[in-house]
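> Need coordinates for the below:
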Amino acid sequence: MYFIGNDVSKLTLDLAYFDQQNQAWAKDCKVGNNPTGWNTLIQWAEKQTQAPRKDICIVMEATGVYHLKAAAYLSRQGLKVTVVNPLQASQYAKSQSQQNKSDKLDARSLKKFGSQLEKLHLFLPNTPEISQLKSLLSRIHQLEKDLQRERNRLEKCDFQEDSSWARGSIERLIGSITYEKKLTQQQIDQLIKQHQALKHNQKLLCSIKGIGKLTSQWLLPFLSAQRFKNAREVAAFIGLVPCFKSSGTSLHTRGQLSGRGDAKLRAKLYMPAVCAITHDPAMKAFYQQLVAKGKPSKVALTAVMRKLVHICYGVIKHQTPYVENYAA
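Numbering: from 1, shown residues only. Below you'll find the predicted structure:
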C-alpha cells in the first residue's frame, strides 16, 4: 500500500509522499480543494507511486466539512481514503517531536501516521439520501440553537426598561425560525417517506419503547449505512462507553464518560431513556437493578441510554422489530 498524506484546508490540499526507493520526500504539491484539484491529486499520486489506484491510500484528517467532498470523490475514483481522528493525528505528531506546524509538515505527519496504522478504516461515501438527511438534520440543529438563543433574549426583556420594540423584533424572529424549522422537518419526513429503506428502518427503530419519530431520524444516518461492526462501536461513536484509569496502587479512577463522541446524538437519547424506564418493564428493571447496586441515578440512566443504542443497532442489523423480553 502506498500512503499519501493530505492536509485539508478550505481552499487547498497539501500532499506528501515519501519515496521508499530513493529514500526521499517527493516534491511538494498543493492543489485546490475542488474537482480540478482532486483530479490533479489523482494524477500526481499515480505519477509518484507508479501504482494502480486501488493500491494508493490517501490519509486525511476530519476537518469540519471541508474534507467530505474530496474524500467522497477520491473514493469513487478508486483510491482508498482513510479519514483519521484529528486528536490522534496531533498526538502522533507530538510523539515524533514535531515542534513546528505548517501545511507541509502536517501532510508529512499524516503520511507517516497512516502508514503505521494497524487497521485501515476506509472512508465510504454516503448514499445521496443519507447525505441529504444529514444535511437537513444539521440544519434542524442550527435552527434549534438559534431558537433557544432568541428565547433566552426574550426572557431578558422582562428585566429591561423600554424593551417593547426589542421584544417585538425577537418575537418576529422566533416566528420566522419556527417556520423554517417546520419546513425543514417536513423535508426530512418527505425524504424518509420517499426512500423505502429509510422508511422501513425508521419503523423498526420506532418499535422500541422510548424511540419516537424525532429520535429515530437522528439515528438513521449512522445505523442505515451499516458501517459499525458491533453495537459497542456505535455506543463509542456516540460517547456512551465509560473510560477508567488505573495504574499501580495510587491511580484508580471510576469509569466515566470521556466527553468525546457525537454530543448532539447523545443529548437526543436522554429523554428516550427516561421514557424507556417509565414504559418498558425490562428497562425499568435494568435501571432499578443498577440503582440498587449503589449506582447514582445519572450513571444508571446513562447505562440505559447505552442499552437503547445496542437495541437500536440490533433491530437495524437483523431487520427485525423489537420484541420485549425476547430472551424469555
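> Show me how the record splits this structure into domains.
In the assignment given by automatic domain parsing, the structural domains of the chain cover 2-115, 128-194.
> closest one to L219 among those domains?
The minimum distance between L219 and the domains of the chain falls on domain 128-194, with 10.4 Å, by Cβ to Cβ. For glycine as for every other residue, the C-beta is placed from the backbone atoms N, C-alpha and C.
> picking that back up, which of the domains of the chain sits most buried?
Mean neighbour count, computed with mean count of other Cβ atoms under 10 Å, is highest for domain 2-115 among the domains of the chain, reaching a mean of 17.
> That domain - what's its average pLDDT?
Averaging pLDDT along domain 2-115 gives 89.
> what would the domains of the chain look like in CSV with distance to K209?
Output for the domains of the chain, formatted as CSV (distance: least, Cβ to Cβ, whole Å):
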stretch, distance to K209
domain 2-115, 34
domain 128-194, 21
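> For P321, find the nearest of these.
Using Cβ to Cβ, the domains of the chain put domain 128-194 closest to P321, at 17.2 Å.
> Now do the strands in the stretch 201-328 of the chain.
Secondary structure of the stretch 201-328 of the chain (DSSP state E, counting those that start in this stretch): strands at 242-247, 251-257.
> Mean pLDDT lowest where, among the ones you listed?
Among the strands of the stretch 201-328 of the chain, strand 251-257 scores lowest, at a mean of 60.
> wait, D19 sits on W25?
Yes. With contact defined as Cβ atoms under 8 Å, D19 counts as touching W25 (7.4 Å).
> Now for E233, how many residues are close by?
The number of residues packed near E233 is 13, by other Cβ atoms under 10 Å.
> cool, the one 4 residues further on as well?
If you count neighbours by other Cβ under 10 Å, F237 ends up with 18.
> Can you verify my assumption that it contacts F228?
Yes. At 7.0 Å, F237 counts as touching F228 under the criterion of Cβ under 8 Å.
> Common neighbours of the two, please.
Counting by Cβ atoms under 8 Å, 6 or more residues apart in numbering, the common neighbours of F237 and F228 are F222.
> And the next helix or strand past the strand or helix carrying K111?
Using DSSP states H and E, the element containing K111 is helix 103-115. Using DSSP H and E, the helix or strand that follows helix 103-115 in sequence is helix 128-156.
> Just give me how far the helix or strand following that following helix sits from the chain centre.
Using DSSP H and E, the helix or strand that follows helix 128-156 in sequence is helix 164-194. What separates the centre of helix 164-194 from the centre of its chain is 25 Å, taken as Cα atoms, centre = their mean, to the nearest Å.
> For helix 164-194, give the mean pLDDT please.
Mean predicted lDDT for helix 164-194 stands at 95.
> For A300, which non-adjacent residue is spatially closest?
Take A300 and drop its neighbours on the chain: the residue closest to it by Cβ to Cβ, 6 or more residues apart in numbering is L290, 3.9 Å away.
> didn't the one you found look like it was pressed against V299?
Yes. Counting by Cβ under 8 Å, L290 does reach V299; the two are 7.3 Å apart.
> quick one: G5 is in a strand?
Yes. Counting by DSSP: H, G, I helix; E, B strand; the rest coil, G5 is located in a strand.
> Just list whatever residues bridge to it.
Judged by DSSP bridges, the bridge partners of G5 are A16, V59.
> From Q202, how far out is the one residue sitting closest to the centre of the chain?
The residue lying closest to the centre of the chain (Cα atoms, centre = their mean) is D262, at 5.5 Å. Look at D262 and Q202: by Cβ to Cβ, to the nearest Å, they are 19 Å apart.
> likewise L122?
Applying Cβ to Cβ, one obtains 27 Å for the distance of L122 from Q202.
> Who has more neighbours out of these two?
Q202 (21 against 12).
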